[in-house]
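1. Quick one: sequence plus predicted model below, questions after.
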Amino acid sequence: MAKKVKYYFSLKTIKSLNFPYRARDFDSGEVQTAYTKRTFLGSLAQTALLERDFETAEWLYLQALNQEGTAYEEHLILNDLLLLYQKRRDFEKMEQVAKRDVELFPEYVEELRKRNNGQIPQIYSFELLVYLFERKGDIPSALECIKKMKSFGIPYPQEEEVLKRLLVK
């Protein structure tokens, strides 16, 4: 795995002009970044994900989640993991990750507000859970998730349409 991590580190340095390090820094062991360890690993995982190396991307994301960091950083990594699991069509892991992000929401909501001019944006994990619950036929859980979104003030543009569909079932 170390060779793959170095490869994605090198690829990141080539593709991102803002990335302040080069491959020789990785070899020297002198990589000190302004990123946290969590964000650094997450950025390498994004590169692997873009290259469609899902195995390495997943490993890097999981390593990133094991590092210390903020709830907001964890939210961003979980969102990327959701994309990875969607590409793999792994509904079980999508549900696990979305649930973890929803549970974490109260811990990162203030950071979201700060970064979005005082507003709470749409939260993909909530919307995905509604879809996954509906897909499994678990209508009460889907409705509960919509209720949670409403109580937190999370916008859900498809709410009316989804509620109509759920209430018919």
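-> Alright, I've got the coordinates.
2. domains for the protein, by residue range?
-> Here the domain parsing of the chain from automatic domain parsing is 1-69, 91-169.
3. For the ones you listed, which has the smallest mean pLDDT value?
-> Among the domains of the chain, domain 1-69 carries the lowest mean pLDDT, a mean of 71.
4. Excluding sequence neighbours, find me the nearest residue to L83.
-> For L83, ignoring the flanking residues on the chain, the nearest one in space by Cβ to Cβ, 6 or more residues apart in numbering is L49 at 6.9 Å. All C-beta spots, glycine's among them, are computed from the backbone N, C-alpha and C.
5. and the one you found, what element?
-> Using DSSP states H and E, L49 maps to helix 37-50.
6. Which positions in that helix come out as buried?
-> Neighbour counts over helix 37-50 (16 or more other Cβ atoms under 10 Å) mark R38, T39, F40, L41, G42, S43, L44, A45, Q46, T47, A48, L49 as buried.
7. Quickly note the distance from T36 to L84.
-> T36 sits 20 Å away from L84 when distances are taken as Cβ to Cβ, to the nearest Å.
8. and what of A48?
-> Distance of A48 to L84, computed by Cβ to Cβ: 9 Å.
9. Between those two, which contacts overlap?
-> F54, A57 (Cβ atoms under 8 Å, 6 or more residues apart in numbering).
10. Can you show me the helices along this protein?
-> Listed in chain order, the helices found in the chain under DSSP state H are 2-15, 23-28, 37-50, 54-65, 71-88, 91-115, 124-136, 139-152, 159-168.
11. From those helices, pick the one with the highest average neighbour count.
-> Among the helices of the chain, helix 37-50 has the highest mean neighbour count (mean count of other Cβ atoms under 10 Å), at a mean of 21.
12. Report all helices and strands that it contacts.
-> helix 2-15, helix 54-65, helix 71-88 (3 or more Cβ pairs under 8 Å, 6 or more residues apart in numbering; DSSP states H and E).
13. for the domains of the chain, which one sits closest to N79?
-> Taking Cβ to Cβ, domain 91-169 is the member of the domains of the chain nearest to N79, at 6.1 Å.
14. Nearest residue to the middle of this protein?
-> Centroid-nearest residue in the chain: N79, 1.5 Å away (criterion: Cα atoms, centre = their mean).
15. State the distance from the closest residue to it other than its chain neighbours to T36.
-> Spatial nearest neighbour of N79, chain neighbours left out: Y124 (6.1 Å); criterion: Cβ to Cβ, 6+ apart. The gap separating Y124 from T36 is 22 Å, by Cβ to Cβ.
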